[in-house]
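Trainee: sequence plus the predicted model coming up.
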Amino acid sequence: MSLGSIFDIAGSGMTAQSLRLNTTASNIANAETASSSVDSTYRARKPVFAAIQQEMLGAQGQGFGGAQGPGAGVRVEGIVESDAELQMRYQPDHPAANEDGYVFYPNVNVVEEMADMMSSSRSFQMNVDVMNTAKSMMQRILTLGQQ
C-alpha cells in the first residue's frame, strides 16, 4: 500500500461518514412527524457500508489482511429503512388522526440517533486526522533530499 492510497481510503471513509451523518440528521428531523396511516409514516433510515478490497482497485493484494488483501476503503451499499414497529398513539384531536383516532409516529429513537451522530462525527474527524498525518509525512519525505 502506497502513501498516496491513504488519501483515497480516508476520503472514502469521509464520504461514507458524511452520508451517515445526513441520514441521521434526516431521522432526527422526522422523529415527530405524524401520519394517519402506516404506509405514509416516515421510517428510520440507516446506510449500509461495505469494505472495498484492494483487488477491486486493480492493485496486487499483497501484505497484511489475509487472503483478500488489505482494505482499500469503504463504499455505501445502500440505505435501508428500519422494519421496527411504528408508534401508534391515541390522539383523536390531532389533525392527522385516522377515523379511529390514532396517529402514527416514526420508529426513530432520538437517543440512538444522537449516539450515531456523535459516532459518525468522530469517525469523520479521525479520517481527517489520517489525511493530515499522511500529508505531513509526504512533506517530510520531500525535505529529506534538501539537507
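Mentor: It's in. Residues are numbered from 1 along each chain as shown.
Trainee: domain map for the protein?
Mentor: Here the domain parsing of the chain from automatic domain parsing is 5-31+45-81+108-146, 32-42+84-107.
Trainee: pick out the shakiest of these, pLDDT-wise.
Mentor: Ranked on mean pLDDT, the bottom entry among the domains of the chain is domain 5-31+45-81+108-146, at a mean of 85.
Trainee: got the contact list for Thr24?
Mentor: Thr24 is in contact with 113, 116-117, 120, counting by CB atoms under 8 Å, 6 or more residues apart in numbering. Just so you know, the C-beta spots here come from the backbone N, C-alpha and C atoms, and that holds for glycine as well.
Trainee: now, those that are in helices?
Mentor: Per DSSP state H, helices hold the following members of the contacts of Thr24: 113, 116-117, 120.
Trainee: save these as JSON lines, and put in distance to Pro47 too.
Mentor: Formatted as JSON lines, the ones in helices among the contacts of Thr24 follow (distance: CB to CB, whole Å):
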{"residue": "Glu113", "distance to Pro47": "13"}
{"residue": "Asp116", "distance to Pro47": "10"}
{"residue": "Met117", "distance to Pro47": "13"}
{"residue": "Ser120", "distance to Pro47": "9"}
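Trainee: now the two most distant members of the residues you listed.
Mentor: With CB to CB as the measure, no two of those lie farther apart than Glu113 and Ser120, at 10.4 Å.
Trainee: show me where this protein has strands.
Mentor: Along the chain, the segments classed as strands by DSSP state E run 45-53, 71-81, 87-90, 102-105.
Trainee: other residues contacting the longest one?
Mentor: For strand 71-81, contacts defined as CB under 8 Å, 6+ apart pick out 5, 8-9, 11-13, 15-16, 19, 23, 43-54, 56-57, 59, 65.
Trainee: touching stretch 27-44 from outside, list them.
Mentor: Contacts to stretch 27-44, defined as CB under 8 Å, 6+ apart, come from residues 45, 81-84, 86, 94, 96-98, 103-110, 113-114, 117.
Trainee: let me fix that: stretch 119-133
Mentor: Applying CB under 8 Å, 6+ apart, the contact partners of stretch 119-133 are 6-7, 9-11, 13-14, 17-18, 20-21, 24.
Trainee: follow-up on the earlier one: rebuild the strands of the chain as JSON lines, extending it with mean neighbour count.
Mentor: Below are the strands of the chain laid out as JSON lines (neighbours: other CB atoms under 10 Å):
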{"stretch": "strand 45-53", "mean neighbour count": "15"}
{"stretch": "strand 71-81", "mean neighbour count": "14"}
{"stretch": "strand 87-90", "mean neighbour count": "12"}
{"stretch": "strand 102-105", "mean neighbour count": "19"}
